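**Student:** show me the folded form of this:
(chains A and B)
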Amino acid sequence: MTYSDDRATMIEFKDVHKYYGDYHALRGINGTIKAGEFFSLLGPSGCGKTTLLRTIAGFEDISSGVIMIDGKDMAGVAANARPTNMVFQSYAIFPHMSVAENVGFGLRKDPRSKEEKARAVAEALEMVGLKGYGNRAAHALSGGQRQRVALARALILKPKVLLLDEPLSALDKKMREHMQVELIKLQRQVGITFILVTHDQEEALVMSDRIAVMFEGEIAQLADPETLYRRPATKKVADFIGTMNFVPATILSETGNAVEVDAKGLGRVMLDIDQAPAKAGESPVVGLRPETLTLLYDDQKAPERETDGVIDEVIYFGDMTYYDVYLGGTDVEVRLSMRNVPGRPVLDVGEKVRVAWSPSALVLFR
Amino acid sequence: MKAPWLRGFTLFYLLFLYSPILLLPIFAFNDSKVVSFPLSGFTTNWFVEMWADKNLRIAAKNSLIIALSVATLSTILGIFAARASVRYRFPGKAPLMGLIMLPLVLPEMIVAMSLLVVLLSIGVPLSLLTVIMGQVLICTPFAVAILTSAFQSLDRSLEEAALDLGETQWSTFRLIILPLVMPGILASFLICFTISFDEFIIANFLGSGRPILSVYIFGQFRFPSKVPSMLALGTVLVCFSIILLGFAEYMRRRGIAKAGGKDAGGFL
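**Tutor:** This is a model prediction of the structure:
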């Protein structure tokens, strides 16, 4: 991650609430988005991420709280006066205009000469890889091309913040992965703050400098992708991002900087305090990612800890094999993933195995 | 087709519907004052006689004035109502829209009579204006119905995109919404024009005997000698309608092609 924390603040939320009638859509949003950052709002549908994006754009009023963009309070500032531009989920390409007319639409009131505007449009089209497409009819474009036109149309105004509302969800898988990389490159090239709304955790992890995970109108965790993945703040976040095994545990003792737990099937283990985020009133469980678990072969010794297990299920993925394993003679099942490197056989259901794990890869939720 | 009688039924149905209209031009060019077979020869006299009829020209002019005004007013009102109903939520919306659409099912005779009573009791003199007012009441529901579907098929993001790119509400309406609903506006205008042009009841009640085409034609049929020239007029009106519809369909298809949409059948 190239993200550094010394950048200036671009957007600041202070206790933002939004009601639709009785429905409490945003429940006290706080946080900052830095200048030049690729920021993602991630969450399941209905979590308020799109609502939050639309309040930044000025399409929705907030019921209470403050949204500051570049140091200015946005209360009462209409969408057309904000330093933000948006790429819509449907792309919202004007169907009765050509590609160039679409891209140049925002320049209508620009005092520059016709030739200069045309050059700006051509540059914007070249930037998104649509050089020479200016005269095409907008409705004759493919999904990926529409997306690029929408990007060019928003970026030509050189906004301080570019808002992207699930821009890749309408594309097929290959195209989506391709556009993810293109968007990252584009963001680095123009240096504008990008705010992406997505329900796809993989997309958020791949693209973002920082991610705000939202559930039910609240930000559950705001962190960089690695922290989010390795140290999820709540069980819900852990469950939403990637795959996480949960093993019931009992807390034995707690000091200022360490917690000792007894995890079912794993045994007693000492955890650092930063592996045990603040209490959320849940019954304690220990979380382990599948790739932090390893099957031991033959006489291989575990670098840290190991536990016996029995294979219950084998799922073959080509490059990887996923195993569901019962831990240490208990009914606790964990999923682990092994790369199918040469010389490593794919094991069968019912085989007894030894599972290596590392205490530092555990997270405690309680 | 599975059942051959369905084809026969369809043919019979269409023949029953349209053959009487085909008789119009046949007898309009027939050299006889009596409308009956066998035909007795070709003539264009009835068209000449029709054209020479000064009252008919006045009636046609009045009808055109009324139909153009009604189509314009109904379509403008329809734009406002359809836009409000598609885009905004407000208290009492459902009953309000219901009241706007009510004349669609209300017996026109009742509407015409009650309007007449009201107008006379508050002392408004009957004129072309009162006919226009009455017909706008009848035509607006059609305009609203057509325009609502036009506004509904408009992606709301288009509007937001224009606002986002620095346009005001009004310039967004002018630059984005209006061009995209234009086919609907045109369809609404033509339908309202057609409805108004052959509307009889309100024209008769609220026109106070002023020559209006539908009322005039009805009156002329009392005189057998006038029938052939009325058939000539009918022929002209049929041709006029076909040209109008052809134009509307052409504009509609062009609108769809321009917006890149899929053609989902004509508007009639």
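
**Student:** what's the pLDDT at the closest residue to chain B within chain A?
**Tutor:** Per C-beta to the nearest C-beta, A:His139 is where chain A lies closest to chain B, at 2.2 Å. Every C-beta, even on glycine, is put in place using the N, C-alpha and C of the backbone. You'll see A:His139 listed with a pLDDT of 81.

**Student:** got the CA positions of the top helix by length along chain A in CSV?
**Tutor:** The residue-count maximum for a helix in chain A (DSSP state H) belongs to helix A:173-190. Taking C-alpha atoms only, helix A:173-190 is exported to CSV below (Å, rounded to 0.1, in the frame of the first residue of the first chain):
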residue,chain,number,x,y,z
LYS,A,173,-16.1,-10.7,-14.8
LYS,A,174,-13.2,-10.4,-17.2
MET,A,175,-14.1,-6.8,-18.1
ARG,A,176,-14.6,-6.0,-14.4
GLU,A,177,-11.1,-7.2,-13.4
HIS,A,178,-9.6,-5.3,-16.4
MET,A,179,-11.4,-2.1,-15.4
GLN,A,180,-10.4,-2.4,-11.8
VAL,A,181,-6.7,-2.1,-12.8
GLU,A,182,-7.5,0.7,-15.3
LEU,A,183,-9.3,2.7,-12.6
ILE,A,184,-6.4,2.3,-10.2
LYS,A,185,-4.0,3.5,-12.9
LEU,A,186,-6.3,6.4,-13.8
GLN,A,187,-6.6,7.5,-10.2
ARG,A,188,-2.9,7.6,-9.8
GLN,A,189,-2.6,9.5,-13.0
VAL,A,190,-5.1,12.2,-12.2
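
**Student:** what about the residue of chain A closest to chain B, neighbour count?
**Tutor:** 16 (other C-beta atoms under 10 Å in any protein chain shown).

**Student:** got it, and B:Ser40?
**Tutor:** B:Ser40 has 12 nearby residues by other C-beta under 10 Å.

**Student:** one more: the one 10 residues further on?
**Tutor:** Residue crowding around B:Met50 was assessed by other C-beta under 10 Å; the count is 22.

**Student:** relative to B:Val118, how far out is the residue nearest to A:Gln189 when sequence neighbours are not counted?
**Tutor:** Using C-beta to C-beta, 6 or more residues apart in numbering or on different chains and skipping the chain neighbours, the partner closest in space to A:Gln189 is A:Met127 (7.4 Å). Distance, A:Met127 to B:Val118, using C-beta to C-beta, to the nearest Å: 65 Å.

**Student:** tell me which of those two has more neighbours.
**Tutor:** A:Met127 (17 against 10).

**Student:** ok, the more buried one touching A:Ile192?
**Tutor:** No: counting by C-beta atoms under 8 Å, A:Ile192 is not a contact partner of A:Met127; they are 11.9 Å apart.

**Student:** common neighbours of the two, please.
**Tutor:** Residues touching both A:Met127 and A:Ile192 (C-beta atoms under 8 Å, 6 or more residues apart in numbering or on different chains) are A:Leu155.

**Student:** and the helix or strand just after the longest helix of chain A, anywhere near chain B?
**Tutor:** Next along the chain after helix A:173-190, taking DSSP states H and E as the criterion, comes strand A:193-198. No: against chain B, strand A:193-198 shows no contacts by C-beta under 8 Å from any C-beta of the partner chain, the least distance being 13.6 Å.

**Student:** could you check the angle helix A:173-190 makes with strand A:193-198?
**Tutor:** Relative orientation of strand A:193-198 and helix A:173-190, computed by axes from the mean of the first three to the mean of the last three C-alpha atoms, to 10 degrees: 160 degrees.

**Student:** from the middle of its chain, how far away would strand A:193-198 be?
**Tutor:** Its chain's C-alpha centre and that of strand A:193-198 lie 9 Å apart, by C-alpha atoms, centre = their mean, to the nearest Å.

**Student:** residues in contact with it?
**Tutor:** Taking C-beta under 8 Å, 6+ apart as the rule, strand A:193-198 contacts A:10-11, A:33-42, A:49-50, A:53, A:56, A:160-169, A:183, A:187, A:203-204, A:207-208.
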